[in-house]
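[1] Whatever this is, show me its structure:
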Amino acid sequence: MALQERLSRNRRVCLDRQFLLFLLEKELSRSERYNHFVSFLLFRIEGLPKKEQASALGRLAKALAKEVRDSDYLGTTGKETLGVIVPYASFESAPIVLKRLRSESLLCLSQIHRKLDLKTSFAVYPTEADSLDTLVDLALRRLRR
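    This is a model prediction of the structure:
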């Protein structure tokens, strides 16, 4: 909750990890019931000193919050990582959504630091993963590459 407060600066644009994962589980259940896809996107800023990391993550959260749809969910997935739940995004459309969000985020972040690296990844349910754990694990493994 403290990270959520810091990221949003009195404006709740970013859910905490526990609530984001709770919503992801609900979306996966809905996906099974109505036979549609759910994509999970991850964003991590690298190449910044630790003291600038929280500020940059806050800017990234605000940039993403402006770009995600009303049906999407944005939240923290760790100290340095943000996640976006994108209902109805298939394996074909998830990279397109990720590319759009990444380029908008880089525009915002390039104003504060030119040498940062924005790592991104995605995983799609049920195409690539069959549970919450495998979906999150796959997205995290891709992020670490």
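
[2] from here on, contacts and neighbour counts on C-alpha atoms
    Will do.

[3] and the host helix or strand of Arg141, which residues are buried?
    Using DSSP states H and E, Arg141 falls within helix 132-144. Under the neighbour-count criterion of 16 or more other Cα atoms under 10 Å, helix 132-144 has Leu132, Leu135, Val136, Leu138, Ala139, Leu140, Leu143 buried.

[4] Just the C-alphas of it, formatted as PDB.
    Provided in PDB are the C-alpha atoms of helix 132-144 (Å, rounded to 0.1, in the frame of the first residue of the first chain):
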ATOM      1  CA  LEU A 132      -2.600 -17.700 -12.700                       C
ATOM      2  CA  ASP A 133       0.800 -18.900 -11.500                       C
ATOM      3  CA  THR A 134       2.000 -20.100 -14.900                       C
ATOM      4  CA  LEU A 135       0.800 -16.800 -16.600                       C
ATOM      5  CA  VAL A 136       2.700 -14.700 -14.100                       C
ATOM      6  CA  ASP A 137       5.800 -16.900 -14.200                       C
ATOM      7  CA  LEU A 138       5.900 -16.900 -18.000                       C
ATOM      8  CA  ALA A 139       5.600 -13.100 -18.100                       C
ATOM      9  CA  LEU A 140       8.400 -12.700 -15.500                       C
ATOM     10  CA  ARG A 141      10.700 -15.200 -17.200                       C
ATOM     11  CA  ARG A 142      10.300 -13.200 -20.500                       C
ATOM     12  CA  LEU A 143      11.000 -10.000 -18.700                       C
ATOM     13  CA  ARG A 144      14.300 -11.300 -17.300                       C
END
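
[5] can you tell me which residues contact the most centrally placed residue in the chain?
    Closest to where the C-alpha atoms of the chain average out (Cα atoms, centre = their mean) is Gly83, at 2.0 Å. Applying Cα atoms under 8 Å, 6 or more residues apart in numbering to Gly83 gives the contacts Phe40, Leu41, Leu42, Phe43, Leu74, Gly75, Thr76, Thr77.
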